[in-house]
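Participant: Just a sequence and a predicted model for now, questions to come.
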Amino acid sequence: MSKIDLKGRVAIVTGGAQGIGKSIALALADVGADVLLADVQEEALEKTAAELTAKGVKATTSLTDVSKSSDAEAMAKKAMEELGGLDILVNNAGITRDNLFLRMSEQEWDLVMNVNLKGAFNCCKAALKGLLKSEHGRIVNISSIIGLMGNAGQANYSASKAGLLGLTKSVAKEVGKRQITVNAIAPGFIKTAMTDALPEKIVEEYKKLIPLNDLGLPEDVADLVVFLASDMARYISGQVIQVDGGMLT
């Protein structure tokens, strides 16, 4: 198997300042990609960008609210102008506003849908102008197993992540003739700051649901993004790949 090399390619990672997005950006930099980090956390953006440049790649930042089409367009334009093109878009930005469905407010519903689903729509539209000029166009959407299985108290989040799967498959069919691949990753329970804050008893209950008997790491998602962004995945498109330790097997 050949070694993945993304030198000379430019990636955008939304929600890239911290958490899974940061791991994705670092993994892309490890194989040579230049990266634009987009997020609403300005201080964290600059810190992560410094970590990327320390790896010897170009990195820039964009303070971006993906729910706003004007922000998404400015983000894509900045990547093309400052980094010289656009080859890879990773739609990772996402939020939760959990509540039982009967108590969920319209604001809680709209906010999650606007960031998680409309945000991906905005970024895909903005990025396609650059991706169409690339010989290696890749879109990777970070969904969730919650979009496949649903979850009590997360009707808004589940609907947004399920919608992202439909968006993935539809856009894949539209842009495939231009040799752009579009895939989705559905992470399961991944070890993050949020899971670190959970009581150990709750974490152990989660593990019982997972055949591999452990939570995943952000790097498990990041490694798959790198593969899907590479030439090794040139014939994979319109797919939803679970990174869940076998939980939904």
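Facilitator: Right, received. Where do you want to start?

Participant: The helix or strand harbouring residue 25 packs against which elements?
Facilitator: Using DSSP states H and E, residue 25 falls within helix 19-30. When contacts are defined as 3 or more C-beta pairs under 8 Å, 6 or more residues apart in numbering; DSSP states H and E, helix 19-30 packs onto strand 10-14, strand 34-39, helix 42-53, strand 88-91, helix 218-229. C-beta here means a position set from N, CA and C on the backbone, and glycine is covered the same way.

Participant: Which elements pack onto the fourth one?
Facilitator: On a contact count with 3+ C-beta pairs under 8 Å, 6+ apart, strand 88-91 meets strand 10-14, helix 19-30, helix 119-131, strand 138-142, helix 218-229.

Participant: what's downstream of it, the next helix or strand?
Facilitator: Counting by DSSP H and E, what follows strand 88-91 is helix 106-113.

Participant: how big is the angle separating that next one from helix 119-131?
Facilitator: Helix 106-113 and helix 119-131 are oriented at 30 degrees to each other (axes from the mean of the first three to the mean of the last three C-alpha atoms, to 10 degrees).

Participant: sorry, back to before: and the angle for the helix holding residue 25 with helix 218-229?
Facilitator: 50 degrees.

Participant: got the angle for helix 19-30 vs strand 34-39?
Facilitator: Going by the same axes, to 10 degrees, helix 19-30 makes 170 degrees with strand 34-39.

Participant: Helix 19-30: how far from the chain's middle?
Facilitator: Here helix 19-30 is found 10 Å from its chain centre; the criterion is C-alpha atoms, centre = their mean, to the nearest Å.

Participant: Put the alpha carbons of that helix into PDB.
Facilitator: Below are the C-alpha coordinates for helix 19-30, written out as PDB (Å, rounded to 0.1, in the frame of the first residue of the first chain):
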ATOM      1  CA  GLY A  19     -11.700  18.600  19.300                       C
ATOM      2  CA  ILE A  20     -12.200  16.200  16.400                       C
ATOM      3  CA  GLY A  21     -11.700  19.000  13.900                       C
ATOM      4  CA  LYS A  22      -8.300  19.900  15.300                       C
ATOM      5  CA  SER A  23      -7.300  16.200  15.000                       C
ATOM      6  CA  ILE A  24      -8.400  16.200  11.400                       C
ATOM      7  CA  ALA A  25      -6.400  19.300  10.600                       C
ATOM      8  CA  LEU A  26      -3.300  17.900  12.300                       C
ATOM      9  CA  ALA A  27      -3.600  14.600  10.500                       C
ATOM     10  CA  LEU A  28      -4.000  16.400   7.100                       C
ATOM     11  CA  ALA A  29      -0.900  18.500   7.900                       C
ATOM     12  CA  ASP A  30       1.100  15.300   8.800                       C
END
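
Participant: outside of that helix, which residues touch it?
Facilitator: 6, 11, 13-16, 35, 37, 39, 48, 51-52, 55, 57, 59, 88, 90, 92-93, 142, 187, 190, 192-193, 218-219, 221-223, 225-226, 229 (C-beta atoms under 8 Å, 6 or more residues apart in numbering).
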